[in-house]
Every structure is written in C-alpha cells, then in structure tokens.
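Trainee: pasting the structure only:
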C-alpha cells in the first residue's frame, strides 16, 4: 500500500453556480460586479471592507489546504495552508507614495493576522487599485515588484505583498511578479487563455 498524492483544495468553496450566486454580494459598480463574477468560485468576497484603518470597496479571501493522505482522509500529515487576502479600491489617481502606503499596510496586517506555525506555508496580501489611467512611473514601480518575507527563516512559511493597478476604461493593467489575480481584473482578456495567471495557479493547486 502506498500513500495517496497530495490534495489541494480551496476551503469552503461553493460547489454549485447557485451557491456561488447566493453568497455573492452586489456592487453598484458594474466593473467590480463583473470582476466579482470571475472570482466568486474561489474567493470569499465582501464589500465595503475595513482593514488597518483603510477602507476598500472589495475584499476577497482565498484559502487553500494541502495535505498528504494514506488510505483515508482521516489519516493525513504534512498539512499546509496557503491564504490570499485581496483588497480592491477605486481611486481618482495613483502615485508611488500611494503604493508605498499599501505595502506598509500589508506588512502591518501580516504582523497582526498571521499566526506563525509549521502548518503555515504562505500568505499573500494583494492590493488592487482601480484608476482612470496607469502613469508610467507607477507602471515601472509595479512591474517586477516583489516583497517576500520569510517567517523564522522560512520554518513558518512566508508572506508576500503584491500590487496591481488597473485602468479598465483604457484596457490597461500592470501587476507585480506574484499578483496572478490581476488577470481577473482584465475583463478585456479571456481568463481561459494560456496556462499562466489566476486560473493556471488554481489548476496547479487543485491538480
């Protein structure tokens, strides 16, 4: 007898279209509503969310469990958890200082929200700003940005702060290195296209 393969699954994800629709909040903002429709099967979504003294029009939480099993789910070990916290805000504009403030907020939330343990594999804090246009200095700041912090030299996993800036009216977006969810905000693109991005990551997690 041999152990089964690792299992990966979003915890408490809706199993049917009807369940997802019933749990989905509604936004007066048509763009955010369409983005929510893309995220609803994998993220637990809320509207008008407050964190660290800041307010966001949308908040999403993606929680994935990974474990090794032997014969039955009750016989398991090497249990790990991966979490993404997604914060979305509309703004009239964006500067590098705005992005710096969000990065600092991400570090503050990490200190407050993460409970270091051997089971903690990774937590992402992803901030998305929806703006009229993407200035070139902001594009340069976000493109290639990565901020990863090991917890106890990696023994308790790590956390990342990710950034994305989207200008839907101009069909323009830029996301940092690990901000795969940016694809869900690009309504002008097909999420099914290509192995990379949001769906690619979820397929990798789910096997």
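Mentor: Received it, and whenever you're ready, just let me know what you need. If you're wondering where the values come from, they're calculated on a predicted model, not measured in any experiment.
Trainee: residue boundaries of the strands in this structure?
Mentor: Taking DSSP state E as the criterion, the chain carries its strands at 7-10, 44-51, 54-70, 72-90, 120-130, 147-150, 158-167, 172-175.
Trainee: quick one: closest of those to residue 27.
Mentor: Residue 27 lies closest to strand 44-51 among the strands of the chain, at 5.9 Å (CB to CB). C-beta coordinates here come from the backbone N, C-alpha and C atoms, glycine included.
Trainee: what's next to that closest one, contact-wise?
Mentor: Contact with strand 44-51 is made by 12, 23-27, 36, 39, 55-63, 87, 105, 109, as judged by CB atoms under 8 Å, 6 or more residues apart in numbering.
Trainee: now do 10 Å
Mentor: Applying CB atoms under 10 Å, 6 or more residues apart in numbering, the contact partners of strand 44-51 are 10-14, 20, 23-29, 32-33, 35-36, 39, 55-63, 85-89, 105-106, 108-109, 112-113, 125.
Trainee: tell me who's in contact with the nearest residue to residue 188 once chain neighbours are set aside.
Mentor: Spatial nearest neighbour of residue 188, excluding adjacent residues (CB to CB, 6 or more residues apart in numbering): residue 171 at 4.4 Å. Residue 171 makes contact with 186, 187, 188, 189 under the criterion CB under 10 Å, 6+ apart.
Trainee: which one of those residues is nearest to residue 118?
Mentor: Nearest to residue 118 among the contacts of residue 171 is residue 186, at 36.8 Å by CB to CB.
Trainee: please consider this matter closed, and thank you.
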